[in-house]
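**Student:** Show me how the following folds:
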Amino acid sequence: MNKPLELSENTDDLRNLVMNLSREIKQLESKVSYYEEYINLLLHKRFGANSEKYRAEQADLFNEAEVCAEEFPEQEAVVDVEENELSAPVVTASERKRVAGRQALPTQLPRLDIIHELPEPERFCTEGHPLKAMGTEVSEQLDIIPAKIQVLRHIRVKYACPCCQGSVKIALLPAQPIPKSNASPGLLAYVSTSKFLDALPLYRQSKQFERIGVSIPRATLASWMIRSGELAQPLINLMQDQLKQFPFLQMDETTVQVLKEEGRSASSQSYIWVRRGGPPDQPVVLFDYAATRSQAVADQLLQGFTGALQTDGYAGYAGICVKHKLQHAGCWAHVRRKFDEALKAQGVKGNAGKASKALTLIQKLYRVEILIKDQSPEEKRGVRQEKSLPILNELKIWLDTSLAQVTPTSLTGKALHYMANQWSTLTVYCENGRVAIDNNAIERAIRPFVIGRNNWIFSDTVKGVKASANLYSLIETAKLNGLEPYRYLRHVFTELPKATSIDEIEALLPWAVNKDIINDGWYRA
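**Tutor:** Predicted coordinates for the structure are as follows:
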């Protein structure tokens, strides 16, 4: 009589066991899917192409009607966010063949003519008549002369009166960038650009100088760079004033390690903060050192600025924008990068899923930017309201639907939630024509520092990293203003020690100097 009851109890136990096992299987499947995505992404980063180029017709070959309906008749362009630029339309095979050939050498390079003559006995024809010159055939080779080092001797003539005792006069020595040092402005400019532009650490430069017969210890080079960075401070102050006067600013930060900092261990992580702004024809990039990534740093750097601030998704900027009443703009490149990683993590080419759909719509936003890149802020705003806003509305509807359809822990889910959290800042660029669609301009400015950091790994002192920040600021701002960095720094290190007024210092700002004199025909931005 008790068997049916026992059977019922066993059935319930089995049902519970099956439910528990099913739950565990789903959890394990979710973990497997999660790790598969990251393994695929790591494999792609290790062995795949680095570019983030995305072509809708490749990823959505079987889904064109749904995903790839093109709204603009212009020829399609490729959006390459990692390279921080919108590349030109696709180049055909014949065009590639023409471009791949040997390019003409720059006309501004000096020429050294080497005349090759026929030997005298060969200047006769087979009948014995003398040959006459009928022209020349010129072929060119590119040659290079390694760095040439020389000693500048400052010879000051002394004058004395033959009649009076003790009446001696001598010309003053011109003001030097580093008084009582044997480093000329040209040498300081050379070491600065080698380190901060070409990412060549000082210890390697010291070895190079040894090979050409001059011993300059690394410690001496480091001391010179600190003094050079301190010398540039008046220019940095004026550049900061210029930066804050224009109502659009981009901001980012990256890590740096400083070994000797009071109250902190050598392994502590510090930060370089970067700001990019100023009028389009007078751009400014400023690097600043701070021990932390706290809001207090951004608060201090933004004192006196009003307008629109464009940043990545770092949450610390939101409160600062509220405090300073700034219009906070987001970055579509960061959104796109997350979907690009999600697509690569799927490990299947031609997948037309959520990530592919997002990339297609984002690419449409970038196509609009190609059309208006040379227009005024007012014209940009008008076109964006007409063409970009409908795309954003479509993207928002798709986003709201997709959030509930994707596992939040997956890379696609994380990309969707990132876009949803940033949405209010991502639409700002359609309201303000001065704002860019992304923060790539400041990422381009910060990249030389990141490349250099990979070579020299750390800074020794706070004094050194602050001086480095000043020199990075001068070099990157000079580049943006179309100046050859070495020649500009040489000019600054020569003239700045002589400056005695604000007007004389302002004349040395990157947008105020004579570009023809600085570049001397050698450099074009």
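**Student:** wait, His334 sits on Asp312?
**Tutor:** Yes - shown here, His334 and Asp312 form a contact pair, counting by CB atoms under 8 Å, at 5.2 Å. Glycine gets a C-beta too; all of them are placed from N, C-alpha and C.
**Student:** Look at the closest residue to Tyr472 other than its chain neighbours and tell me its secondary structure.
**Tutor:** Distances taken as CB to CB, 6 or more residues apart in numbering place Phe287 nearest to Tyr472, at 4.5 Å, with adjacent residues excluded. Assigned with DSSP: H, G, I helix; E, B strand; the rest coil, Phe287 falls in the strand class.
**Student:** quick one: Phe287 and Asp460, what's the gap?
**Tutor:** Computed as CB to CB, to the nearest Å, the Phe287 to Asp460 distance reads 17 Å.
**Student:** Which one's more surrounded, the two?
**Tutor:** Phe287 (27 against 16; other CB atoms under 10 Å).
**Student:** Just confirm that one contacts Val274, I think it does.
**Tutor:** Yes - the criterion here is CB under 8 Å, and Phe287 meets it with Val274 at 5.5 Å.
**Student:** what touches both of those two?
**Tutor:** Here Phe287 and Val274 have Phe449 as joint contacts, going by CB atoms under 8 Å, 6 or more residues apart in numbering.
**Student:** where does the stretch 1-150 of the chain have low pLDDT?
**Tutor:** Low-confidence segments of the stretch 1-150 of the chain (pLDDT under 70): 1-9, 30, 33-38, 40-41, 43-101.
**Student:** How about the chain?
**Tutor:** Using pLDDT under 70, the chain drops low at 1-9, 30, 33-38, 40-41, 43-101, 347-352, 520-525.
**Student:** For it, give the strand that spans the most residues.
**Tutor:** In the chain, assigned by DSSP state E, the strand with the most residues is strand 248-260.
**Student:** Next secondary structure after it?
**Tutor:** strand 269-277 (DSSP states H and E).
**Student:** send the alpha carbons of that next one over as CSV?
**Tutor:** Extracted in CSV, the C-alpha atoms of strand 269-277 (Å, rounded to 0.1, in the frame of the first residue of the first chain):
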residue,chain,number,x,y,z
GLN,A,269,50.5,53.7,-10.9
SER,A,270,50.3,57.4,-11.9
TYR,A,271,48.7,59.2,-14.8
ILE,A,272,49.4,61.5,-17.7
TRP,A,273,46.3,63.6,-18.5
VAL,A,274,45.9,64.9,-22.1
ARG,A,275,43.8,67.8,-23.3
ARG,A,276,43.3,68.8,-27.0
GLY,A,277,41.4,71.9,-28.0
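**Student:** Partner strands of that strand and their direction?
**Tutor:** strand 248-260 (antiparallel), strand 284-290 (antiparallel) (DSSP bridges).
**Student:** ranking those by burial, who's on top?
**Tutor:** Of all these, strand 284-290 carries the top mean neighbour count, a mean of 24, counting by mean count of other CB atoms under 10 Å.
**Student:** How about residues contacting that strand?
**Tutor:** In contact with strand 284-290 (CB under 8 Å, 6+ apart) are residues 236, 239-240, 242-243, 256, 258, 270-278, 297, 301, 442, 445, 449, 462, 465-466, 468-470, 472-473, 476-477, 480.
**Student:** same thing but 7 Å
**Tutor:** 239-240, 242-243, 270-278, 297, 301, 445, 449, 462, 465-466, 469, 472-473, 476-477, 480 (CB atoms under 7 Å, 6 or more residues apart in numbering).
**Student:** ok, now stretch 430-449?
**Tutor:** 81, 84, 197, 199, 247-248, 250-252, 254, 272, 274, 276, 285, 287, 308, 310-312, 327, 329, 331-333, 365-366, 369, 377-378, 380-381, 384-385, 388-389, 392, 428-429, 472, 476.
**Student:** Among these, which lie within helices?
**Tutor:** Secondary structure defined by DSSP state H assigns 332-333, 365-366, 369, 377-378, 380-381, 389, 392, 472, 476 of the contacts of stretch 430-449 to helices.
**Student:** Tell me the buried residues within the residues you listed.
**Tutor:** 332-333, 365-366, 369, 380-381, 392, 472, 476 (16 or more other CB atoms under 10 Å).
**Student:** For those, work out which two are farthest apart.
**Tutor:** The distance between the two most remote of those (CB to CB) is 35.6 Å, for Leu392 and Tyr472.
**Student:** just checking, Gly413 touches Val406?
**Tutor:** Yes - under the criterion of CB atoms under 7 Å, Gly413 makes contact with Val406 at 4.4 Å.
**Student:** ok, Glu504 to Trp398 distance?
**Tutor:** In terms of CB to CB, Glu504 sits 58 Å off from Trp398.
**Student:** Quick one: the helices in the stretch 401-525 of the chain, in order.
**Tutor:** 411-426, 440-456, 462-480, 485-495, 502-506, 515-519 (DSSP state H, counting those that start in this stretch).
**Student:** Against which helices or strands is the last one packed?
**Tutor:** Other helices and strands packing on helix 515-519, by 3 or more CB pairs under 7 Å, 6 or more residues apart in numbering; DSSP states H and E, are helix 485-495.
**Student:** just how off-centre is the helix it packs on within its chain?
**Tutor:** 23 Å (CA atoms, centre = their mean, to the nearest Å).
**Student:** what's the angle between it and helix 462-480?
**Tutor:** 120 degrees (axes from the mean of the first three to the mean of the last three CA atoms, to 10 degrees).
**Student:** So which residues make contact with helix 485-495?
**Tutor:** Everything outside helix 485-495 that qualifies as a contact, by CB under 7 Å, 6+ apart, is 177, 185-186, 188-190, 192-193, 197, 228, 232, 474-475, 478-479, 508, 510, 513, 518-520.
**Student:** ok, 6 Å please
**Tutor:** 177, 185-186, 188-189, 192-193, 197, 475, 478, 508, 518 (CB atoms under 6 Å, 6 or more residues apart in numbering).
**Student:** Please name the residues that touch Tyr203.
**Tutor:** So, once contact is read as CB under 6 Å, 6+ apart, Tyr203 ends up touching Arg218.
**Student:** in which helix or strand would I find it?
**Tutor:** helix 202-211.
**Student:** Buried residues of that helix, list them for me.
**Tutor:** For helix 202-211, by 16+ other CB under 10 Å, it's 202, 205-206, 209.
**Student:** of all these, which comes closest to Thr11?
**Tutor:** Among those, and counting by CB to CB, the member closest to Thr11 is Leu202, at 78.0 Å.
**Student:** Could you check how many residues crowd around the closest residue to the closest one other than its chain neighbours?
**Tutor:** Closest residue to Leu202 apart from its sequence neighbours, by CB to CB, 6+ apart: Leu221 at 4.4 Å. A count of nearby residues for Leu221, using other CB under 10 Å, gives 22.
**Student:** three-state assignment of Leu221?
**Tutor:** Classified using three-state DSSP, Leu221 is helix.
**Student:** So which residue is smack in the middle of the protein?
**Tutor:** Arg444 (1.5 Å; CA atoms, centre = their mean).
**Student:** hmm, back to that, distance to Glu122 added to the strands paired with strand 269-277, as CSV?
**Tutor:** Putting those into CSV (distance: least, CB to CB, whole Å) gives the following:
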stretch, distance to Glu122
strand 248-260, 66
strand 284-290, 61
